[in-house]
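In: Compute the structure for the input listed below.
(4 chains)
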Number of protein chains: 4
Amino acid sequence: MSFEYGETVKITLWGTSHGPEVGMMLTGLPAGESVDMEQVQAMLNRRAPGGAHRSARQERDIPQYLSGLKNNVTDGTPLRAVIPNEDVRSGDYDARRTIPRPSHADYAAVMKYGPGVDLRGGGVFSGRMTAPLCLAGAICEQILARRGITVGAHLAAVGDIDDRPFDPVAVDQASLLALRRLEPPVLDARAGAQMLALIAQAADGHDSVGGMVECAAVGLPPGLGAPLFGGLESRLAAAAFAIPAVKGIEFGAGFSAARMRGSEHNDSFYWHGGAVNTRTNRHGGILGGLSSGMPLLLRVAFKPTPSIGREQDSVDLATGENVRLAISGRHDPCIALRAVPVCEAVMSLVLLDVILTPSEPAAAPEAGEMAPQTPP
Amino acid sequence: MSFEYGETVKITLWGTSHGPEVGMMLTGLPAGESVDMEQVQAMLNRRAPGGAHRSARQERDIPQYLSGLKNNVTDGTPLRAVIPNEDVRSGDYDARRTIPRPSHADYAAVMKYGPGVDLRGGGVFSGRMTAPLCLAGAICEQILARRGITVGAHLAAVGDIDDRPFDPVAVDQASLLALRRLEPPVLDARAGAQMLALIAQAADGHDSVGGMVECAAVGLPPGLGAPLFGGLESRLAAAAFAIPAVKGIEFGAGFSAARMRGSEHNDSFYWHGGAVNTRTNRHGGILGGLSSGMPLLLRVAFKPTPSIGREQDSVDLATGENVRLAISGRHDPCIALRAVPVCEAVMSLVLLDVILTPSEPAAAPEAGEMAPQTPP
Amino acid sequence: MSFEYGETVKITLWGTSHGPEVGMMLTGLPAGESVDMEQVQAMLNRRAPGGAHRSARQERDIPQYLSGLKNNVTDGTPLRAVIPNEDVRSGDYDARRTIPRPSHADYAAVMKYGPGVDLRGGGVFSGRMTAPLCLAGAICEQILARRGITVGAHLAAVGDIDDRPFDPVAVDQASLLALRRLEPPVLDARAGAQMLALIAQAADGHDSVGGMVECAAVGLPPGLGAPLFGGLESRLAAAAFAIPAVKGIEFGAGFSAARMRGSEHNDSFYWHGGAVNTRTNRHGGILGGLSSGMPLLLRVAFKPTPSIGREQDSVDLATGENVRLAISGRHDPCIALRAVPVCEAVMSLVLLDVILTPSEPAAAPEAGEMAPQTPP
Amino acid sequence: MSFEYGETVKITLWGTSHGPEVGMMLTGLPAGESVDMEQVQAMLNRRAPGGAHRSARQERDIPQYLSGLKNNVTDGTPLRAVIPNEDVRSGDYDARRTIPRPSHADYAAVMKYGPGVDLRGGGVFSGRMTAPLCLAGAICEQILARRGITVGAHLAAVGDIDDRPFDPVAVDQASLLALRRLEPPVLDARAGAQMLALIAQAADGHDSVGGMVECAAVGLPPGLGAPLFGGLESRLAAAAFAIPAVKGIEFGAGFSAARMRGSEHNDSFYWHGGAVNTRTNRHGGILGGLSSGMPLLLRVAFKPTPSIGREQDSVDLATGENVRLAISGRHDPCIALRAVPVCEAVMSLVLLDVILTPSEPAAAPEAGEMAPQTPP
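Out: Predicted structure coming up:
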């Protein structure tokens, strides 16, 4: 299931960075859901290259819809769309066919597929595969919105510069929607400016820099998900690691939870407006793999773009020699910047699938065992 | 697929903490693989409760094999085994049926399954489900070993105390095997002693403490795995988050990669002993979702046990009141300690499945395109 | 997916004819469904060996329930049960280990699994695997019944003797339930007596005889199923061919439809009691892979038991010689007789899975396009 | 999995009869397999409408390949292709939107999807979906051919006229390949002429006629497939029933086996040319769900085209009235004629998937248990 994800709502991806197009198919979408094409395009534009802090590759990323929509409404058949590759310059990549780029997929791919594997622009390992992912996520996001669920993301860090984190209890729909209009999408504009400066500085130095994306979903009812392998963390993590350059994911307090005492980490319950809330949200909205009803919070770590202008050590697979490699081409100095809408898209895709998939039931109530589950 | 994991080698789990047993079935195992029962028992013992720093629950965890083995050799039919629950004291849990324990699955489970869901001891959300996971992993680990692959893990942190990390380049089979005999399983014995002291201190204070487990696999050939959703990170993460209390996972440099420049992070290639190696291993043995042939390295964050002796705030779902809750029962002051073999087991399970699953092919070589892929 | 079937309600089978037990696990069952154990036992008894016209093997087939039930109510966790093998006489089979029985799985199994494969009593290819299938089906049948759906079957033919077929339009719940109490289960008692006589005659002649089972389901709402590979015929056929000795399946007019004109075969619609009915039912209740609301009708062909007392030609795989083979042991002179409840069970299993699986949606209505779908 | 089939080699179908195109994606194909485009086109032409005995719809069925091929060689990425719909006349269908055609999917589809479902030309239930199935099958057939396996089919019956059946033992590659050049594809040319006359007669009478297709595969090694739900019959039947108008399938002696004694039906083994053969082939090349090495034989029954020119009884779903319906449009008087290459394609698709899917292992040999498995 390498090009596919999902149980009920399934995505299939195809294409490569330097082929004629990239594309995707979504099956299992409910019929009768309208799709706002401008919103889809807006998400693709947020991911698109171009501008001072992104790859200079020119891609307008205008999708062509092949099936599954009638008058911009899902008709229940597989929804297929492609995004043409407009600015392919394979020449940039031809020279070093037998010399794997450090920290790229090249070497592992050659060992898997043989020496002729076409890795121009990264092939199927390219970040370009995230364009159709965004397309799919943008559609899912709109369907979730009609069910009261909002997904959002911000650039949480670039190198050593941190944005302000989401308020884990108070983050709401308005704050998530506002992020979609910001460049860079940050909560603290001053940190954002520093991030752009750092990215520019890395680019000037023929280098790149890593970063972090924080995502949130609000409006989830409690009890979504399933135990064990069907847990929300398992599903979200499996999808997130399909995004190139992701090297870590954490939910709620995440890695910092490993440093805490239980008495510091536990989120106590209280009644609030007729519903059960937690006063803090170190659990990140997920308990036992199930949604708790509190905001779902996760952070994804992106490594720095492995393609850098500086010369590096590598090997020539054809000659058996150690060589020096200089990579030309047009690269993003900070992948994390463009990954913000991709993370949002992946989260939307997973959550829509979770909501529409019937999950394993658990132990049934014993008769007469229990009092009311909502407060009187 | 909540109780199931795997494509070719599939595990199915069943049972609950306070039922008569927990169990598992493995399908898709190769026939003719001998199983060393003492090694299986040794792994179960490493996970077992008891002793000064673990839950006082008494479980010998002696599996009963129901099918799939003939004279301790896999016969190719589904391998089923159960582990009886010997020391069940449900009384400990009865009192607070309608009062969810903070940061436990209780509340979310009631919202999913209704008020009668049986959550004594955590039900299917209990850490007890990891006993059959260990059993399965112990069998997979032996099959991997015959293919030259060794999996190991150590307790990387308890609260603020860190063990020495694996040497990302030099970690080898011997160092991984040695860890299986240590209590706690650490690389730095002095850190280990401090960890045990910290755990004891937390227990004395009716509290708990979080921790971290680092895992490694050596002997993997390069090119294992698949692109996108079939990547090694996706598969390993999906399985790891099925372990209760896991809140984060990272591979190689992980979250620290987000702070780095590309020039700091990239691992350069060089020829070494007729094979391609990297001088550093910040990529954690995975490039583009595929194994690179370098040691596979990951870290898993465990939150502190949510069951603590101190009184906490909670709600009564039956009365709609805010209440105070004191949890009795026998609990682990640090889950991460017992999770070391569980992580090792999960990694073994995933890697065996990856090795035995035919994956999506990729671009074929063009004729006459390429010279030798191994050095002359 | 050799030992598994189903999308939402999944069965997994294990065991062999001459091992200690056979068993099954059902996952995905709704929680809270009560199971009438006497009805389950009744179905197992209908399949059981013994008596004048069946194998002389003595099996009481009393299941042991291992998980998934609390006070005979499904608790939503995997429902596991085993049926011990009580009367195993492997000695009957030992002599001819290297001599495959004609028209048995022996030869193909040796070529697949190697010479050591354990085929005593047929191994996993044995009809004994249908005991846990019946157990599963009996549980599904009860859950379907609470949704208004009744499944039934009769022995439609033994050799050249035909039972009266179901009335394709008028078959109803009462007629289906009545069959469960009959031996043999036939609509025409006189044909039934002739069948038993024919079976006895075949047995006396150290021979066996083929037969046919006809199944029906009533109470299905129209529109169940899905197009193409998700059609009811595809799902039912895939499951039915898992029953050993099945060599054909047909729905409605089936093979005789190939001989008809469209004007003879088409079933015209008419309004009847506020619903759409067809005057005839040559379509067997399935149109385009979807239920039509008319009775679902199918017929399954069983070959004669390949184990016969007469000497036959075979080969010795060990010596490379042509040999004569005489099979001792206890065999059914007519498998079809015992297969009646098995077919009923398989149909129940499939239909419950279909009902509980969300299927692909199709084209959505265009606004204002259509008038009422039920008659005024 | 309604639009999808397969485990390792997976097909996904899309499109509808009256949309702009139909298409398919194949994933899991081996890389490096060359595709002879003329052979693919030849199979599509065999299925195409036109001529005296087929629908008058004009479709050249020229596929457009979108991905997965480089210089007509599979490159291992998903192989996608579409076939444009060139001769769509929706006007023919518009009038009777609320009046379901007898024995078509219309009524069941409206009950499943609601009154607005687009069923022009049959929508996803149309025989037009078999064009991309043929395309996929033609590619798989070529890959099988390079592994020594040949698949073929003939028109076994039209109404009461039967072609000569395949010789179940002697059918070979040459006889299968020869059929691909014949119109109609029959073994007995005289029967073929009578069939065409019967089809013409049915067409003249504004009627249609049913038929039967017999398929064979030769060159299969023994031991392919898996027990129980993974058996060859289960897989082939599940795929065959996805072809519109199929109402029955049988393997080997099939339904006639139900009339036989075991002594008549069993196929005895003998050594022949260093291999095990059977003297007869009533088992149709499948024993216990596994290939026996003898020719694989199956027969598929097709109902007569439900669209006929004669007026029929139906209902108006909008008004609740019984009405008379006359169907115009262009229809096949005998679907079975065009279904011959479709059956061949489906069989090729399934067999390639079976060959490339690792199957459940079975019981392992016990040491020292057995002598050589091939003759000395």
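
In: Going by C-alpha atoms from here, please, whenever you check contacts or count neighbours.
Out: Fine.

In: ranges for the helices of chain A?
Out: Along chain A, counting by DSSP state H, helices occupy A:37-47, A:91-94, A:106-113, A:130-145, A:173-179, A:189-204, A:232-240, A:262-265, A:335-356.

In: quick one: the longest one to helix A:130-145, angle?
Out: Meaning helix A:335-356. Note on geometry: by axes from the mean of the first three to the mean of the last three CA atoms, to 10 degrees, helix A:335-356 and helix A:130-145 are set 40 degrees apart in direction.

In: Would you mind extracting the C-alpha trace of helix A:335-356 into CSV?
Out: Only the C-alpha atoms of helix A:335-356 are listed here, as CSV (Å, rounded to 0.1, in the frame of the first residue of the first chain):
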residue,chain,number,x,y,z
ILE,A,335,10.9,22.7,3.3
ALA,A,336,9.0,23.3,6.5
LEU,A,337,7.7,26.6,5.2
ARG,A,338,5.9,25.0,2.3
ALA,A,339,4.9,21.9,4.4
VAL,A,340,2.4,23.9,6.5
PRO,A,341,-0.6,23.3,4.2
VAL,A,342,0.6,19.8,3.4
CYS,A,343,0.4,18.9,7.1
GLU,A,344,-3.0,20.5,7.3
ALA,A,345,-4.1,18.5,4.2
VAL,A,346,-2.8,15.2,5.6
MET,A,347,-4.6,15.8,8.9
SER,A,348,-7.8,16.5,7.0
LEU,A,349,-7.5,13.4,4.9
VAL,A,350,-7.0,11.2,8.0
LEU,A,351,-9.7,12.7,10.1
LEU,A,352,-12.3,12.4,7.3
ASP,A,353,-11.3,8.8,6.9
VAL,A,354,-11.6,8.2,10.6
ILE,A,355,-15.0,9.8,10.8
LEU,A,356,-16.4,7.8,7.9
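
In: Enumerate the positions of stretch A:164-175 that are buried.
Out: Neighbour-count burial for stretch A:164-175, counted by 16 or more other CA atoms under 10 Å in any protein chain shown, picks out A:164-166, A:168-169, A:171-173.

In: show me where pLDDT drops low in the stretch 101-250 of chain A?
Out: For the stretch 101-250 of chain A, the stretches flagged by pLDDT under 70 are A:116, A:118-121.

In: what's the pLDDT at whichever residue of the stretch 51-200 of chain A sits closest to chain D?
Out: Closest to chain D within the stretch 51-200 of chain A is residue A:78: 6.5 Å, counting by CA to the nearest CA. Listed pLDDT for residue A:78 reads 81.

In: The residue nearest to it when sequence neighbours are not counted bridge partners, please.
Out: Of all residues not flanking residue A:78 in the chain, residue A:27 sits nearest, at 4.7 Å (CA to CA, 6 or more residues apart in numbering or on different chains). For residue A:27, the beta-bridge partners under DSSP bridges are residue A:10.

In: What separation is there between residue A:225 and residue A:232?
Out: For residue A:225, the distance to residue A:232 (CA to CA, to the nearest Å) stands at 6 Å.

In: Need the overlap of contacts for those two.
Out: A:289-291 (CA atoms under 8 Å, 6 or more residues apart in numbering or on different chains).

In: and those residues, which of them are in strands?
Out: Per DSSP state E, strands hold the following members of the shared contacts of residue A:225 and residue A:232: A:290-291.

In: residue contacts, the residue nearest to residue A:78?
Out: Shown here is residue A:27, whose contacts under the criterion CA under 8 Å, 6+ apart are A:8-11, A:76-79, C:360.

In: ditto for residue A:132
Out: By CA under 8 Å, 6+ apart, the contact set of residue A:132 is A:13, A:22-24, A:81-83.

In: how about 10 Å then?
Out: Listed by CA atoms under 10 Å, 6 or more residues apart in numbering or on different chains, the contact set of residue A:132 reads A:11-15, A:21-25, A:44, A:61, A:63, A:81-83, A:138, A:342, A:345.

In: Narrow those residues to those in strands?
Out: Going by DSSP E, the strands hold A:11-15, A:21-25, A:81-83 from these.

In: Quick check: ChimeraX command selecting the buried ones in the residues you listed.
Out: Here is the ChimeraX selection string for the buried members of the ones in strands among the contacts of residue A:132, based on 16+ other CA under 10 Å:
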select /A:11,12,13,14,15,21,22,23,24,25,81,82,83
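
In: filter the ones in strands among the contacts of residue A:132 down to the ones close to chain D.
Out: Contacts with chain D within those, as defined by CA under 10 Å from any CA of the partner chain: A:12-15, A:21-22.

In: Mind putting the residues you listed into CSV with distance to residue C:330 and pLDDT?
Out: Formatted as CSV, the entries for these read as follows, by distance: CA to CA, whole Å; pLDDT from 0 to 100:
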residue, distance to residue C:330, pLDDT
A:12, 52, 89
A:13, 55, 89
A:14, 57, 85
A:15, 60, 83
A:21, 64, 87
A:22, 62, 90
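
In: For residue C:283, state which of those is nearest.
Out: Distance to residue C:283, by CA to CA, is smallest for residue A:12 among these, at 35.4 Å.

In: Surely residue A:218 is in contact with residue A:150?
Out: Yes - between residue A:218 and residue A:150 there is a contact under CA atoms under 10 Å: 5.4 Å.

In: any residues in contact with both of those two?
Out: With CA under 10 Å, 6+ apart, residue A:218 and residue A:150 have common neighbours A:172-173, A:176.

In: Return the residues in contact with the residue of the stretch 51-200 of chain A closest to chain D.
Out: A:10-11, A:24-29, A:66-69, C:360-362, D:3, D:12-15.

In: How about residue A:176?
Out: A:150-154, A:166, A:185, A:187, A:215-218.

In: In these, find the pair that's most separated.
Out: Longest span within the contacts of residue A:176, CA to CA: A:185 and A:218, 17.9 Å.

In: Which residue of these two possesses the greater neighbour count?
Out: residue A:185 (25 against 21; other CA atoms under 10 Å in any protein chain shown).

In: Phi first, then psi, for the more buried one.
Out: Main-chain torsions, residue A:185, degrees, to the nearest 10: phi -80, psi 90.

In: doesn't residue A:175 make contact with it?
Out: No - between residue A:185 and residue A:175 there is no contact under CA under 10 Å: 11.1 Å.

In: list residues touching both of these two?
Out: Joint contacts of residue A:185 and residue A:175 (CA under 10 Å, 6+ apart) are A:152-153.

In: tally of neighbours for residue A:181?
Out: 12.

In: what's near enough to touch it?
Out: Here residue A:181 is in contact with A:42-43, A:46 (CA under 10 Å, 6+ apart).

In: and the residues you listed, which are buried?
Out: A:42-43, A:46.

In: contacts with chain B among those residues, please.
Out: Answer for these near chain B: none qualify (CA under 10 Å from any CA).

In: Adding pLDDT, write the residues you listed out as CSV.
Out: Formatted as CSV, these follow (pLDDT from 0 to 100):
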residue, pLDDT
A:42, 96
A:43, 96
A:46, 95
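
In: Cheers, nothing more for now.
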